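> need a structure here:
(one chain, ligands or ions: 3)
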Amino acid sequence: MSKSVPHESAHLHVTGNATFADDIPQLEGTLFVALFISEKAHANIQSIDFSAVEASTGFVSILTAEDIPGVNDCGPIIHDNPILANEKVSYIGQPVFAVVADSFLNARKAVKKAKVSYEELDAIFDLNEADNNNSYVLPPMVLQKGNAQNKLDQADRKLEGRFKVGGQEHFYLEGQVAYAVPKEDGCLHLWCSTQHPTEMQHLVAKSCLLDANQIVVEMRRMGGGFGGKESQSALFCCIASLAAKKLNRPVKCRLDRDDDMLITGKRHHFNYDYHVGFDKTGKIKSLQLKMLLGAGYSADLSGPVATRALCHADNAYLLDDVDLGAYCCKTNTQSNTAFRGFGGPQGAFATEYIIDNISRSVGVDSLDVRKLNFYGKTENNITPYGQLVEDNVIHELVDELEKSSDYRSRRKEVQAFNQTSTIIKKGLALTPLKFGISFNVVHFNQAGALVHIYTDGSVLVNHGGTEMGQGLNTKVAQVVANELGINPKQVRATATDTSKVANTSATAASTGSDLNGKAAQDAARQIKDRLVTFLSETYSVEKGKISFIDNVVVFGTEKIEFNALIQMAYEARIQLWSDGFYKTPGLHWDKEKLTGSPFYYYAYGASVSEVVIDTLTGEFKILRADLLHDAGNSINPAIDLGQIEGAYIQGMGWLTTEELVWNDEGRLLTHAPSTYKIPAVSDCPAEFNVKLFKNQNVKDSIMRSKAVGEPPLLLGFSVFFAIRDAVASVAEYKINPPLNAPATAEEILSAVDFCRDQASGSVK
Ligand code: MTE
Ligand code: LUZ
Ligand code: MOS
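Ligands and ions are numbered 1, 2, ... in the order given. As a prediction, the model looks like this:
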């Protein structure tokens, strides 16, 4: 089963033949949208002069909030997210109205001719300012266990401080796009790039005043989503659909990169404020951590993101006495959203940072302090939210990586190098991860699938998940092929389609293959059961003596080709297609008390990064990276290794070069690749050793595999902490560098300067 078959679309990707939403042949009469976006961060709209817009070449129509027959909202949970601004704008980039024209170019030219006059209001951009003003999109959340204050008072050693982590632009290669086509009797067909076809269906229905059964959402693949198309594809789906309804014409809404970056939300940036108590060995006794999340102007998914941040602040460590707070700060900026890890990385980053501080403060190698604080295997394994960690493999995983990466001797080499090298400094870090798998909203953990076997023996599978490059369709096809004992090439996965499988969850929380794989297996198994019954009754063989292997079905002492059996079964009027369903067992979660067992299991991993920094320019380079990650019994090792490498690089980008900058008026200045620096091929480590940890899921997951989409993003932590280690070397590792993430060249330089000043000050 565990087989590195190529990605089902690899041959299409590399030849340019994969169809994305914008490649679908356009119907005659298709119109195109350009959005007018707010130029003020917080203002009342006094008036809009459309006259020059209407006179512009190719102009067809304008769509404003008043043209929305249903609800002017596309918020996924809380209804605070207008599709088009109604009288008030809340950030620079907020769509105010749409211009529809006969081409994208004409729509863009026309939209620029509008004149909007604003009455400006006070705006908030800073998280601490928002917190001080009780400006939140949701009530604060608190997760407490034990007595953190008492234990802090009693602790031998204490540290406190503040630090920050930045947000992250998704930078999917394919931008947001939706193409809505009117159908008979008021119905709509919508092709779009989304991780959540069902939510698109419902939000379009509500805004257009249609029933869900009048809308078909079809999604073959995305050119990347990374969480940015979980909820935020909705705005563009709604606008294309509203315009298509209004004009009764096909309408496409496709953003250019700058508009995409200005309009859509990103990973939440966090400000942290902590107090930690520990002993002289570095064992944590108490942690108080206040996290301010930059939610932006509306709630979007900030609630569950904050919940996941709280449930990952422990990372791989036992924290018995904790007081964790998450505050979703409301600011006049883009509404931040899901991004690979969904708050988990931000929660875990805080504790890794604090442990890094503790290590320097007690003068013990950070790896030893980490190990000292790991969850136990059979005791000391209750999380702050009350779930028992039953599958802990972090000890053996980290031991294996410590050896294979030669951590201890390289630590000595790095220190020796730094003794003699004054400008160029090296740094090394090993960071672990533990990541909870399941949606933290219990009822989302369900999925459906359809499997058809045609009379020639070829198989079609359709499921509720969406393909965004992660290889979900490949894995689901492998599962079906495995169940039927046929070659995966004989199984084709088709576009996600709300008229085939209904009421799907977003493909998110890394659960795509866990949920849809199980649902597809269920469907395939039902067909197989019918075939087994048919064979057993026809040839009087025991069911237990029938097996499906390598495209051949063996029954008793005889065998038949799979394809021939299918033709026979068809003629015997056996149903050769089936639906399938799956729901993750054993989950419970009290969202008021923030306690329960929200995760079916945990995935683990660790990475070692060695970096070199230039203390005159602040530049850095990764010299070597060693990654060891637990994907359980991998369904497809090649795809999983790709996910692990990609996630490490994406995590590294978040914590190093990807910096979002807003000016004093709240305008995002980094809205194109010219100013926003994602990693390039040349940023990959020269030596890159990536391995799967040999493990089996203790839970009955699909093929005993583990979800792999998001967890390895946390592997990128070791790059940041290796940089921090290199910076600390300029002050003999005695000072905790005040390095915030992202560790850009400027940030590295200023931390180096701080450490050098402090070190020379202490000599004086
Ligand atoms: N990999 C690729 N190539 N493109 C993506 O957009 N999204 C990530 C991850 N890996 C993503 C990706 C995110 S945020 C999630 S939640 C998972 O894939 C979703 O897919 P899965 O549940 O099937 O792993
Ligand atoms: N919870 C979660 C969610 O853990 N991951 C998600 O992606 C998500 N999305 C929506 C709501 N809850
Ligand atoms: Mo992934 S952030 O759950 O889409």
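
> The stretch 401-550 of the chain against ligand 1: which residues are in contact?
With CB under 6 Å from any ligand atom as the criterion, the stretch 401-550 of the chain meets ligand 1 at residues 468, 469, 470, 472, 507, 508, 509, 510, 511, 512, 513. The way it works is simple: take the backbone N, C-alpha and C, and place the C-beta from them, glycine included.

> count of neighbours near the third one?
Translated: residue 470. 27 (other CB atoms under 10 Å).

> Now do stretch 217-225: everything it contacts.
For stretch 217-225, contacts defined as CB atoms under 8 Å, 6 or more residues apart in numbering pick out 9, 18-21, 170-174, 189-195, 197-198, 200-201, 204, 229, 237, 466-469, 494-498, 507.

> ok, and does that stretch reach over to ligand 2?
No. Counting by CB under 6 Å from any ligand atom, ligand 2 has no neighbours in stretch 217-225; the shortest distance is 10.9 Å.

> State the mean pLDDT of that stretch.
For stretch 217-225, mean pLDDT is 98.

> Return the residues in contact with whichever residue of the stretch 201-350 of the chain sits closest to ligand 2.
Residue nearest to ligand 2 within the stretch 201-350 of the chain: residue 304 (3.5 Å; CB to the nearest ligand atom). Neighbouring residues of residue 304 by CB under 8 Å, 6+ apart: 77, 342, 343, 439, 440, 441.

> Find the nearest non-adjacent residue to the last one, please.
This points to residue 441. Counting by CB to CB, 6 or more residues apart in numbering, residue 441 lies nearest to residue 304, which is 6.2 Å off, once chain neighbours are set aside.

> Okay, residue 400 and ligand 2: tell me how far apart.
The gap separating residue 400 from ligand 2 is 29 Å, by CB to the nearest ligand atom, to the nearest Å.

> now the stretch 351-500 of the chain, which segments are flagged as low pLDDT?
Applying pLDDT under 70 to the stretch 351-500 of the chain flags no residue at all.

> which residues in it form helices?
Per DSSP state H, counting those that start in this stretch, the stretch 351-500 of the chain carries helices over the ranges 366-373, 394-404, 407-420, 472-484.

> hang on, isn't residue 54 packed against residue 60?
No. Counting by CB atoms under 8 Å, no contact exists between residue 54 and residue 60, whose distance comes to 9.8 Å.

> So for these two, which sits in the more crowded spot?
residue 60 (19 against 15).

> wait, is that one part of a strand?
Yes. Assessed with DSSP: H, G, I helix; E, B strand; the rest coil, residue 60 lies in a strand.

> tell me the contacts of it?
By CB under 8 Å, 6+ apart, the neighbours of residue 60 are 31, 100, 101, 102, 247.

> Show the model's pLDDT score for it.
98.

> Number the chain from 860, please
Let's use 860 as the start, then, which means that last one is residue 919.

> Need the three-state assignment for residue 1135.
Under the three-state scheme (three-state DSSP), residue 1135 adopts strand.

> Burial check on it, number of neighbours?
25.

> How about residue 1327?
Residue 1327: 25 neighbours (other CB under 10 Å).

> Ok, residue 1166 next?
23.

> related to what we said a few turns ago, could you restrict the contacts of stretch 1076-1084 to the ones contacting ligand 3?
Filtering the contacts of stretch 1076-1084 for neighbours of ligand 3 using CB under 6 Å from any ligand atom leaves residue 1054.

> Going by neighbour count, which of the contacts of stretch 1076-1084 are buried?
868, 877, 880, 1029-1031, 1033, 1048-1054, 1056-1057, 1059-1060, 1063, 1088, 1096, 1325-1328, 1354-1357, 1366 (16 or more other CB atoms under 10 Å).

> Which of those residues fall in helices?
Secondary structure from DSSP state H places 1056, 1057, 1059, 1060, 1063, 1096 of those in helices.

> Can you lay out these as a markdown table showing distance to ligand 1 and pLDDT?
Formatted as a markdown table, these follow (distance: CB to the nearest ligand atom, whole Å; pLDDT from 0 to 100):
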| residue | distance to ligand 1 | pLDDT |
| --- | --- | --- |
| 1056 | 14 | 99 |
| 1057 | 15 | 98 |
| 1059 | 16 | 98 |
| 1060 | 20 | 98 |
| 1063 | 22 | 98 |
| 1096 | 18 | 99 |
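
> ok, so of the residues you listed, who is nearest residue 1041?
Distance to residue 1041, by CB to CB, is smallest for residue 1063 among those, at 12.3 Å.

> which one is the closest one nearest to, not counting chain neighbours?
residue 1100 (4.5 Å).

> In this structure the one you found contacts residue 1045, no?
No. Applying CB under 8 Å as the test, residue 1100 and residue 1045 come out as separate, 11.6 Å apart.

> what about the two, which has more around it?
residue 1100 (31 against 14).

> Could you report the pLDDT at that one?
Looking at residue 1100, its pLDDT reads 99.

> ditto for residue 1622
For residue 1622, pLDDT reads 48.

> Equivalent analysis for residue 1619, please.
89.

> List the residues that contact it.
Counting by CB under 8 Å, 6+ apart, there are no residues that residue 1619 touches.

> Give the buried residues for the host helix or strand of it.
Here residue 1619 sits within helix 1604-1622, counting by DSSP states H and E. For helix 1604-1622, a neighbour-count test (16+ other CB under 10 Å) marks 1604, 1606, 1607, 1608, 1609, 1610, 1611, 1613, 1614, 1617 as buried.

> quick revisit: which of the contacts of residue 919 fall within helices?
Using DSSP H, the contacts of residue 919 in helices are residue 1106.

> correct me, but residue 1318 touches residue 1341?
No. Applying CB under 8 Å as the test, residue 1318 and residue 1341 come out as separate, 11.7 Å apart.

> Which of these two has more residues huddled nearby?
residue 1318 (26 against 19).

> Listing partners with orientation, what would you give for the helix or strand encompassing residue 895?
For residue 895, the enclosing helix or strand under DSSP H and E is strand 890-896. Applying DSSP bridges to the sheet, strand 890-896 is found paired with strand 954-960 (antiparallel), strand 1110-1113 (parallel).

> Distance to residue 1009 and mean neighbour count added to the ones you listed, as CSV?
Putting the strands paired with strand 890-896 into CSV (distance: least, CB to CB, whole Å; neighbours: other CB atoms under 10 Å) gives the following:
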stretch, distance to residue 1009, mean neighbour count
strand 954-960, 51, 25
strand 1110-1113, 56, 26
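
> of all those strands, which lies closest to residue 1581?
Residue 1581 lies closest, by CB to CB, to one member of the strands paired with strand 890-896: strand 1110-1113, at 40.2 Å.

> count of residues packed around residue 1559?
As a burial measure, residue 1559 scores 11 neighbours (other CB under 10 Å).
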